[in-house]
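Student: okay, predicted coordinates and the sequence, questions at the end:
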Amino acid sequence: MTYLAKRLLTFPLILLGVSVLVFLSIRLIPGDAITAMLGTEAGMLTPDQRASLAAYFGIDKPIWSQYLSWLGGLFQGDLGISKIYAKPVMTVILERFPLTLELALLSMVIALTIGVPLGVLAATRNGRPSDLGVRLLAMIGQSTPSFVLGVLIIFVLSVYFGFVPAMGTFTPLFQDPLANLGQLIFPAITLGFAFAASVTRISRSAMLDVLSEDYVRTARAKGVSTMSVVWHHALPNALIPVVTLSGVEFGYLLGGAVIVEQIFALPGLGRLVLDAIGQRDYALVQGTVLFIAFNFLVVNLLVDLAYAVLDPRIRLGGR
Amino acid sequence: MTPLLSVRDLRVGFGSDPVANEVVRGVSFDLAAGQTLGIVGESGSGKSVTALSINRLVDFGGGRITSGSIMLQRADGTALDVTGANEHALRHVRGRDVGMIFQEPMTSLNPVHTIGAQIEEALRINRGLRGQAARNGALAMLDRVRIPDAKSRMGYYPHQLSGGMRQRVMIAMALASSPRLLIADEPTTALDVTVQAQIMALLAELRDETGMAMIFITHDIGLVAGIADRIMVMQSGLVVEQGDTATVLDTPQHDYTRHLLSAVPHFTAGRATRTDSPRTEDSDPVITVDDLVVRFSIGRGLFGSKGAVHAVDGVDFDLMPGETLGIVGESGSGKSTTARAVLDLNARKRGQITVRSSRSRRPIQMVFQDPFASLNPRLNVEALLAEPAIANGQHKDEALRERMKFLLNRVGLPEDALTRYPHQFSGGQRQRLCIARALMLNPEVVVLDEAVSALDVSVQAKVLDLLIDLQREFGLAYLFISHDMAVVERIAHRIAVMFAGQIVEIGAAQAVLSDPQHSYTKRLISAVPAVERRNQHFAIDTTQVPSLLRPVGYEPPKAQWRQAGPDHHVRLEAVS
């Protein structure tokens, strides 16, 4: 419990660090908000007009003062107003987040349900043809770019099945589950394929290590069946690296999947950040990145808690 | 009557061509029900592979039985040739007919399941017990292997138990299935000697209770003397001799058996100690250690320290030039911490270490336990030997190279070893390299921390002889740390016995070993196996080492000493 408390105490510090970095780096990119907004017409502005626009958006003050006023808003739960959408940043993020979360969860479910059994299978058949087959498949999965697979899926669906996933707008799960799944399952497969390949590889190598452990031999000496040796004795010991990898990948996916969102025309967090950066929507970039960083911290915490559930040596302390 | 187990011309090989890579090359023996067979041999002799072939666990380690037969009488009276059995039949052999316990109690239990669940599993698979019946059965097994407070220990995970306790759990698990044959593969090698005595006593008692047969595998011929009815000696995959325990030990026929019995250190309670003591009235010690204290504080955090582990608590000794002080004790007694503190490898809390040196700027050097881990695999021998000299400001010149060649020659390695890498040497040769490296700077004291413990028994004897020769030639003083009483007996002039961070008895080796005074020393010495102690029944003793964790600011009471002989001091024990 003290462990959890300690971890939670570090959250604000890390988020503060992230906020400083984002705040500075977005301002280091050449170009400014007014030029980005008005395009070529920005050249026709008089210096006075420019200054009053800057004052309107609050970007005329020194950077540290801009930062402090933004931070002050943050403490009151106010991430600022998005310039592009003319809405509070929090509202914009929360509109996009359900899609990203659902897509990430679906991809992870696909990756784990395919990757872990395949990895275990390959490990128990180490060196035999089925192992080689799994390894080949995993290699293909890891090296196929998502834009290739995504475009391929859309092509096959539309040309051979006459089905085009709904694009542009997002149908929430609770509104129409079928339409929602029809829209998300193919992007999730696209993301889950490479994810599953990584999970396969890591569970295979972890299982290979565990299967040569002394306690696996002990279980066999007891007369435990091969199935039970693999699933009951070995697998729980091999899951730690799988959880680590899944946590990192899931954390990335929560930050949005730019390419897949682009291909399937989905309004997720990835495209939101990209647009915000392109348009120099400072408040939106800062808010979204902070939100993504926060999600990452939560995922990491969940991963640590999962370790404790999986391994009594971590849960109870000891050598 | 047909024997329980009958092995004929067993051959086992490894790798893609098992016939060409045979590790067991034609082993035959019989084992009657209720009998105990001791298989003795050094690493690579094929003794473990032979045992693992009986329940065919060898298949999972990449081995294959290439020819021969293993006939096993099963409980229902039928005989099964294990070599040709399918996996389904073997599953019923494993556990039910043949139980097994292994060498490493630390890694042989599954870390993610409670010990109760692991024993219950054996009862469920092999005896068909379910639910409460399985739980009660597991509890009864833990009681039977004398685990104190068994009921609450059921929910413990392996990492919460000591090595000796884990080995008891292993035994409970193997016996839960009531096997008719128990294979014990070096079950006590990783344990302290007093714990070893407890486990041996337990095994002998359970064997007599259940009437099961046993195969006991070990490298220690003294240990089988205490438990086996018959002994089989193996070397390079062959049986060189087998017969009744008394016959093999008293009238060994084969040279290798004779070698194991004579050349290998055996404990003789002070009759084999050295007689060339360099200690005289007027010599000055090369090292004096006074009130050495090493503590590791734990739980350091926001709220301060929770206490400290008193690893070494008030240790005093001195070491004369040319003398060996053996420090003996069990794991956690503080002997290695003492050695490391002498070299300043550990920060000490207090204490004075005075070194009087006349010939070297670096008068103390060290040789570690594991010759595989203490040589950098990426450096060749020349670089390894030059390293201490270069670290000390010398240059790699002709003189240095001459010294390397001289020392290699002295430790019994060829000169051309200079260009080779550590992996090209055997364990014994590597330890010789480590010794040569320690001597590069012409030290006066060498600290040997379990320096021969990782070596095979017959290699051990040769390295010990080498150490004694070098000591005489270069006038070296040794601080020799070991848990092995037989080894210490051969090399030490004086012995210090450590227990729970303190020296409890110190004095001339002969006096301490033949006439131990402190209760711990007595317990330690009576636990050491010896060839003479045949079928001796150890009393089961469950004394636990006291916790070394003390609250902040705790100071132990001042030690009181009693003189038991001219050079023999005993710490007075607290009356409790």
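Tutor: Looks like it came in fine.

Student: next one, pLDDT for residue B:299 please.
Tutor: If you check residue B:299, the pLDDT there is 61.

Student: what does residue A:3 give?
Tutor: So, for residue A:3, pLDDT stands at 69.

Student: helices and strands of the chain: which one has the lowest mean pLDDT?
Tutor: Picking chain A for this. Between all helices and strands in chain A, the lowest mean by mean pLDDT, DSSP states H and E belongs to helix A:33-38, at a mean of 67.

Student: hmm, no, I was thinking of chain B.
Tutor: Result, chain B / mean pLDDT, DSSP H and E: strand B:549-550, a mean of 75.

Student: which outside residues touch that one?
Tutor: Strand B:549-550 is contacted from outside by B:298, B:307-310, using Cβ atoms under 8 Å, 6 or more residues apart in numbering or on different chains. For the C-beta atoms, the positions are set from N, CA and C on the backbone; glycine is no exception.

Student: cool, stretch B:68-87 as well?
Tutor: If you take Cβ under 8 Å, 6+ apart as the criterion, stretch B:68-87 is touched by A:226, B:2-11, B:26-28, B:33, B:53-56, B:65, B:89-90, B:93, B:96-98, B:180-181.

Student: inside helices: which ones of the residues you listed?
Tutor: In helices, judged by DSSP state H, the following of these are found: A:226, B:53-54, B:89-90, B:93.

Student: distance to residue A:14 added to the residues you listed, as JSON lines?
Tutor: Formatted as JSON lines, those follow (distance: Cβ to Cβ, whole Å):
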{"residue": "A:226", "distance to residue A:14": "45"}
{"residue": "B:53", "distance to residue A:14": "57"}
{"residue": "B:54", "distance to residue A:14": "57"}
{"residue": "B:89", "distance to residue A:14": "59"}
{"residue": "B:90", "distance to residue A:14": "54"}
{"residue": "B:93", "distance to residue A:14": "57"}
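
Student: phi, psi for the closest residue to chain B within the stretch 201-319 of chain A please.
Tutor: Nearest residue of the stretch 201-319 of chain A to chain B (Cβ to the nearest Cβ) works out as residue A:223 at 3.1 Å. Backbone torsions for residue A:223, taken as degrees, to the nearest 10, come to phi 100, psi 20.

Student: and it, how many neighbours?
Tutor: Residue A:223: 24 surrounding residues under other Cβ atoms under 10 Å in any protein chain shown.

Student: contacting residues around the closest residue to chain A within chain B?
Tutor: Closest contact between chain B and chain A, by Cβ to the nearest Cβ, is at residue B:95 (3.1 Å). Counting by Cβ under 8 Å, 6+ apart, residue B:95 touches A:221-224, B:122, B:125-126, B:174, B:177, B:179.

Student: nearest residue to it other than its sequence neighbours?
Tutor: Closest residue to residue B:95 apart from its sequence neighbours, by Cβ to Cβ, 6 or more residues apart in numbering or on different chains: residue A:223 at 3.1 Å.

Student: wait, the one you found sits on residue B:97?
Tutor: No - applying Cβ atoms under 8 Å, one finds residue A:223 not in contact with residue B:97, separated by 9.2 Å.

Student: got the buried residues for the helix or strand hosting residue A:236?
Tutor: In this assignment (DSSP states H and E), residue A:236 forms part of helix A:235-254. Within helix A:235-254, the residues that count as buried by 16 or more other Cβ atoms under 10 Å in any protein chain shown are A:235-240, A:242-247, A:249-254.

Student: just these that are near chain B?
Tutor: Near chain B, judged by Cβ under 8 Å from any Cβ of the partner chain, the entries from the buried residues of helix A:235-254 are A:236-237.

Student: who in chain A is up against chain B?
Tutor: A:213-215, A:217-226, A:233, A:236-237, A:310-313, A:316, A:318-319.

Student: got the residue ranges for the strands in the stretch 251-400 of chain B?
Tutor: Taking DSSP state E, counting those that start in this stretch, the strands of the stretch 251-400 of chain B run over residues B:287-298, B:307-319, B:324-328, B:350-355, B:364-367.

Student: most tightly packed of these?
Tutor: strand B:324-328 (a mean of 27; mean count of other Cβ atoms under 10 Å in any protein chain shown).

Student: partner strands of it and their direction?
Tutor: Using DSSP bridges, strand B:324-328 pairs in its sheet with strand B:477-482 (parallel), strand B:494-499 (parallel).

Student: tell me how many other residues surround residue A:278.
Tutor: For residue A:278, using other Cβ under 10 Å, the count is 12.

Student: check what pLDDT residue A:317 gets.
Tutor: pLDDT recorded at residue A:317 is 67.

Student: quick one, domains of chain A?
Tutor: Segmentation of chain A into domains, based on automatic domain parsing, reads A:2-75, A:89-316.

Student: which one of those domains is the most hemmed in?
Tutor: Across these, averaging neighbours per residue (mean count of other Cβ under 10 Å) puts domain A:89-316 on top, at a mean of 19.

Student: which bits of chain B sit near chain A?
Tutor: Neighbours of chain A within chain B, by Cβ under 8 Å from any Cβ: B:55, B:57, B:60-61, B:87, B:91-96, B:99-100, B:102, B:104, B:107-114, B:121-122, B:125-126, B:157, B:159-160, B:170, B:173-174, B:177.

Student: of those residues, buried ones?
Tutor: B:55, B:57, B:91-96, B:99-100, B:102, B:104, B:107-114, B:121-122, B:125-126, B:157, B:159-160, B:170, B:173-174, B:177.

Student: which of the residues you listed fall within strands?
Tutor: Under the assignment DSSP state E, these contribute B:99-100 to strands.

Student: which one is residue 185 nearest to, not counting chain neighbours?
Tutor: Went with chain A since none was named. Nearest non-adjacent residue to residue A:185, counting by Cβ to Cβ, 6+ apart: residue A:106, 7.0 Å away.

Student: ah, no, chain B please
Tutor: Take residue B:185 and drop its neighbours on the chain: the residue closest to it by Cβ to Cβ, 6+ apart is residue B:217, 4.8 Å away.

Student: correct me if wrong, but the one you found is in a strand.
Tutor: Yes - under DSSP: H, G, I helix; E, B strand; the rest coil, residue B:217 falls within a strand.

Student: that one: neighbouring residues, count only.
Tutor: Neighbours of residue B:217 under the rule other Cβ under 10 Å: 25.

Student: ok, now which ones touch it?
Tutor: If you count contacts by Cβ under 8 Å, 6+ apart, residue B:217 has them with B:38-39, B:47-48, B:51, B:183-186.

Student: now, which of those sits nearest residue A:306?
Tutor: Using Cβ to Cβ, residue B:185 comes nearest to residue A:306 of the contacts of residue B:217, at 35.7 Å.

Student: quick one, phi psi at that closest one?
Tutor: phi -100, psi 100.

Student: from what I can see it touches residue B:50, true?
Tutor: No - at 10.1 Å, residue B:185 does not count as touching residue B:50 under the criterion of Cβ under 8 Å.

Student: contacting residues around the closest residue to residue A:235 other than its chain neighbours?
Tutor: Residue nearest to residue A:235 in three dimensions, not counting chain neighbours: residue A:120, with 6.4 Å by Cβ to Cβ, 6+ apart. Applying Cβ under 8 Å, 6+ apart, we find residue A:120 in contact with A:203-204, A:207, A:230-231, A:235.

Student: any idea how far chain B is from residue A:120?
Tutor: According to Cβ to the nearest Cβ, to the nearest Å, residue A:120 and chain B sit 16 Å apart.

Student: perfect, I'm done here.
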